[in-house]
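J.: please find the sequence and the predicted model below.
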Amino acid sequence: MANEDLGRTLRRLRRLASLTQEELADRSHVSVDVVRQLEQGRKHSARLPTLHALANGLGVELTTLLGDPPAVSAGGENDGPRFVAMRRAVMPVLWRSGPQPPGPDFSLDLLREQIADGWSQYHAAEFDTVLKTLPDLITDAQAAAVSDGDDDRAAGCAALAKVLQLAGHVAVRMGKTDLALISLERAIGAAERSSDPLLPAMVVNSVAWTYQRQGRLDDALSIALRASEDLKSSGRTDTADGLKVWGALTMSAATSAARSNDYERAAELMEHSEKEAARVAALPAGADNRMVSVFSPSSVRIERVRLAVQYGHPEEALALAKGMRLSKDTPPSWRTWLLLDVARAHTDLGDAAGAVKTLESLRRVAPTWMRHHTLAVAIVRDLWALPNHPQGLRALAEFLGVID
């Protein structure tokens, strides 16, 4: 992978982890000279196995090291006007008067539908569309959260929690994790003022994900486990929605454990999740799937494939993925991760033709997501460096801009 920012990112992540170059090299089983050359900019590329090893040594996702693809154009503190508008909605200007209750023409049902559509657009990688609508949705939800009636006010707080959670996810995708945490903390506050007992736990899961992106694995693990245990002990997992929220938190905890090199605990959590996921279909249907955590037998299997690839078990990953039938509510973002991980597994096993075939499938089912993933580019760059190119590789390389 050619990436002028790779060295700076590697150095920043290493310092956040309080590791010397020698310690990172030892943990990653990578030559310390490679680490030095990358950080000093004398080496601008590395093959996927090396990047995998460095990411594992740092305890981060591979895309965190590669440079997470931005949701929309952004540049440090000087962001574009749409993102500035979202910042202003999440963090209103000092001394601004508080929101006023909505007028007679306001429809809470319409607002909820618009927020649900925003989540669908997010999962479909339509980030520009989401960012364009977020400021107005947040403003409307803030007004709904101060409605005159108790019931309307509680429902407005629920809407505000979901739209601030969405803003947090978009901020993470743009690499603005501190802004994401501000938005998510305010979402938790709104969720606690709502009448939905599952909402705070849903937002906690987003906070855990953000902590993972910052390398705060212990923090991510502890809050995910606490929230999942609270749901279990309070009997909330007797409903489909409650079980989905519990499952998403438990899988998040498993991911944090795996990145902390506690593979045994991660495997136990994933096994428990898979058993519980079978109960979802047997429980009464819950709320709009677009507004509830993603959890099903499909999502558990996708996460197991991801962890198997990330921790050097490509054969196991392909065995887990073989013949997998995805549920109808599996978002495009999850389908994308599955196909990318299968392509990575084929690449790790030296099966270039299998990797190309998988990436061609990804291009058919989720072309927008594919363009947003630096991991797709990294895989194709590795394949393009091979002496013999499988059929179809050139078209993929042109599609992703790897070659002109």
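T.: Arrived safely, thanks for sending. No experiment lies behind these values; they were computed from the predicted model shown. Numbering: from 1, shown residues only.
J.: mind showing which ranges of this structure have poor pLDDT?
T.: Judged by pLDDT under 70, the chain has its weakly predicted residues at 1-4, 44-45, 67-79, 286-291.
J.: the longest helix in it is where?
T.: As assigned by DSSP state H, the longest helix anywhere in the chain is helix 150-173.
J.: name the helices or strands packed onto the helix or strand following it?
T.: Using DSSP states H and E, the next helix or strand after helix 150-173 towards the C-terminus is helix 177-192. With contacts defined as 3 or more C-beta pairs under 8 Å, 6 or more residues apart in numbering; DSSP states H and E, helix 177-192 has these neighbours: helix 81-90, helix 150-173, helix 199-213. Glycine gets a C-beta too; all of them are placed from N, C-alpha and C.
J.: CA atoms only: put helix 177-192 into PDB for me.
T.: Presented in PDB, the C-alpha positions along helix 177-192 are these (Å, rounded to 0.1, in the frame of the first residue of the first chain):
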ATOM      1  CA  THR A 177     -13.500  10.700  17.700                       C
ATOM      2  CA  ASP A 178     -13.400  13.500  20.300                       C
ATOM      3  CA  LEU A 179     -16.400  15.200  18.700                       C
ATOM      4  CA  ALA A 180     -18.000  11.800  18.400                       C
ATOM      5  CA  LEU A 181     -17.700  11.200  22.200                       C
ATOM      6  CA  ILE A 182     -19.200  14.600  22.900                       C
ATOM      7  CA  SER A 183     -22.200  13.800  20.700                       C
ATOM      8  CA  LEU A 184     -22.600  10.300  22.200                       C
ATOM      9  CA  GLU A 185     -22.400  11.600  25.800                       C
ATOM     10  CA  ARG A 186     -25.200  14.000  25.000                       C
ATOM     11  CA  ALA A 187     -27.100  11.200  23.300                       C
ATOM     12  CA  ILE A 188     -26.800   9.200  26.500                       C
ATOM     13  CA  GLY A 189     -28.200  12.100  28.500                       C
ATOM     14  CA  ALA A 190     -31.200  12.400  26.100                       C
ATOM     15  CA  ALA A 191     -31.700   8.600  26.200                       C
ATOM     16  CA  GLU A 192     -31.900   8.600  30.000                       C
END
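J.: ok, back up a step: nearest to Pro49, out of the helices and strands packed on helix 177-192?
T.: Nearest to Pro49, of all the helices and strands packed on helix 177-192, is helix 199-213, at 22.3 Å by C-beta to C-beta.
J.: contact partners of the next helix or strand after the closest one?
T.: As assigned by DSSP H and E, the chain's next helix or strand after helix 199-213 is helix 217-233. Contacts to helix 217-233, defined as C-beta atoms under 8 Å, 6 or more residues apart in numbering, come from residues 59, 198, 200-201, 204-205, 207-209, 211-212, 237, 242, 245-246, 249-250, 252-253, 256-257, 259-260.
J.: and the angle for the next helix or strand after helix 217-233 with helix 199-213?
T.: Sequence-wise, the next helix or strand downstream of helix 217-233 (DSSP H and E) is helix 240-259. Helix 240-259 runs at 20 degrees relative to helix 199-213, counting by axes from the mean of the first three to the mean of the last three C-alpha atoms, to 10 degrees.
J.: would you map out the domains in this protein?
T.: Following automatic domain parsing, one gets these domains for the chain: 1-67, 76-196, 328-404.
J.: could those go into JSON lines alongside distance to Arg301?
T.: Output for the domains of the chain, formatted as JSON lines (distance: least, C-beta to C-beta, whole Å):
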{"stretch": "domain 1-67", "distance to Arg301": "19"}
{"stretch": "domain 76-196", "distance to Arg301": "18"}
{"stretch": "domain 328-404", "distance to Arg301": "8"}
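J.: how about these, which one is nearest Arg265?
T.: Ranking these by proximity to Arg265 (C-beta to C-beta) places domain 1-67 first, at 14.4 Å.
J.: let's have the domains of the chain in JSON lines, adding mean neighbour count and distance to Val280.
T.: Below are the domains of the chain laid out as JSON lines (neighbours: other C-beta atoms under 10 Å; distance: least, C-beta to C-beta, whole Å):
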{"stretch": "domain 1-67", "mean neighbour count": "17", "distance to Val280": "26"}
{"stretch": "domain 76-196", "mean neighbour count": "18", "distance to Val280": "18"}
{"stretch": "domain 328-404", "mean neighbour count": "18", "distance to Val280": "10"}
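J.: nearest to Ala321, of these?
T.: domain 328-404 (5.1 Å).
J.: end-to-end on the closest one?
T.: 37 Å (C-alpha to C-alpha, to the nearest Å).
J.: same deal with stretch 139-156?
T.: 11 Å.
J.: can you check stretch 101-108 too?
T.: 12 Å.
J.: find the nearest non-adjacent residue to Pro297, please.
T.: Among residues not flanking Pro297 along the chain, Ala277 sits closest, at 4.7 Å (C-beta to C-beta, 6 or more residues apart in numbering).
J.: kindly provide the distance from that neighbour to Gly41.
T.: 46 Å (C-beta to C-beta, to the nearest Å).
J.: could you do Leu51 as well?
T.: According to C-beta to C-beta, Leu51 stands 16 Å off from Gly41.
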